[in-house]
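> I would like to see how this sequence folds:
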Amino acid sequence: MATYRLGSSPLVHTPGVIAWAISGYHFKRDRPQLAKVIEGTFPSVPAAALHRLLSKEVPYTVDGETVVFTVEE
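Below you'll find the predicted structure:
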């Protein structure tokens, strides 16, 4: 299992960005572009883990301005 903590910055409020991406990920035609944006924003997180987050396969929590989620590898 791997736990990822996606922190915010002055330019990116991560909980809002992730909620936006999850909402849009519902539409199949939008998935490639949303994945590209999120993968570019959080390059240290494997694409497969981000896919599981965005597709709601795994839950996430918000700790302050940080998104936390765990995936089995």
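
> for residue 45, what are phi and psi?
phi -100, psi 130 (degrees, to the nearest 10).

> not counting sequence-adjacent ones, nearest residue to it?
Counting by CB to CB, 6 or more residues apart in numbering, residue 4 is the residue found nearest to residue 45 once chain neighbours are left out, at 5.3 Å. (C-beta placed from N, C-alpha, C; glycine too.)

> residues touching that neighbour, list them.
42, 45, 49, 68, 69, 70, 71 (CB atoms under 8 Å, 6 or more residues apart in numbering).

> ok, now with 7 Å
By CB atoms under 7 Å, 6 or more residues apart in numbering, residue 4 lies in contact with 45, 49, 69.

> which stretches in this structure count as helices?
14-25, 31-41, 47-54 (DSSP state H).

> and of those helices, who's closest to residue 62?
helix 14-25 (4.7 Å; CB to CB).

> that closest one - what's its average pLDDT?
Mean pLDDT, helix 14-25: 97.

> repeat for stretch 58-70
98.

> what lies in contact with it?
With CB under 7 Å, 6+ apart as the test, stretch 58-70 has contacts from 1-8, 13-15, 18, 52-53, 71.

> try 10 Å this time
With contact meaning CB atoms under 10 Å, 6 or more residues apart in numbering, stretch 58-70 is reached by 1-9, 12-19, 22, 42, 45, 49-53, 57, 71-72.

> can you check stretch 34-42 too?
Residues from elsewhere that reach stretch 34-42 (CB under 10 Å, 6+ apart): 4, 6-7, 9, 11-12, 14, 17-18, 20-27, 45-47, 49-51, 53-55, 67.

> wait, residue 14 sits on residue 45?
No - using CB atoms under 10 Å as the test, residue 14 is too far from residue 45 to be in contact (11.5 Å).

> okay, and the common contacts of the two?
Common contacts of residue 14 and residue 45 (CB under 10 Å, 6+ apart): 5, 6.

> and stretch 35-43, how far out from the chain's middle?
Here stretch 35-43 is found 8 Å from its chain centre; the criterion is CA atoms, centre = their mean, to the nearest Å.

> could I have it exported to CSV, CA atoms only?
Extracted in CSV, the C-alpha atoms of stretch 35-43 (Å, rounded to 0.1, in the frame of the first residue of the first chain):
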residue,chain,number,x,y,z
ALA,A,35,-5.4,13.2,-16.4
LYS,A,36,-2.7,15.2,-18.1
VAL,A,37,-3.4,18.3,-15.9
ILE,A,38,-3.4,16.3,-12.7
GLU,A,39,-0.3,14.2,-13.6
GLY,A,40,1.5,17.4,-14.6
THR,A,41,0.6,19.0,-11.3
PHE,A,42,1.6,16.0,-9.2
PRO,A,43,4.4,14.3,-11.2
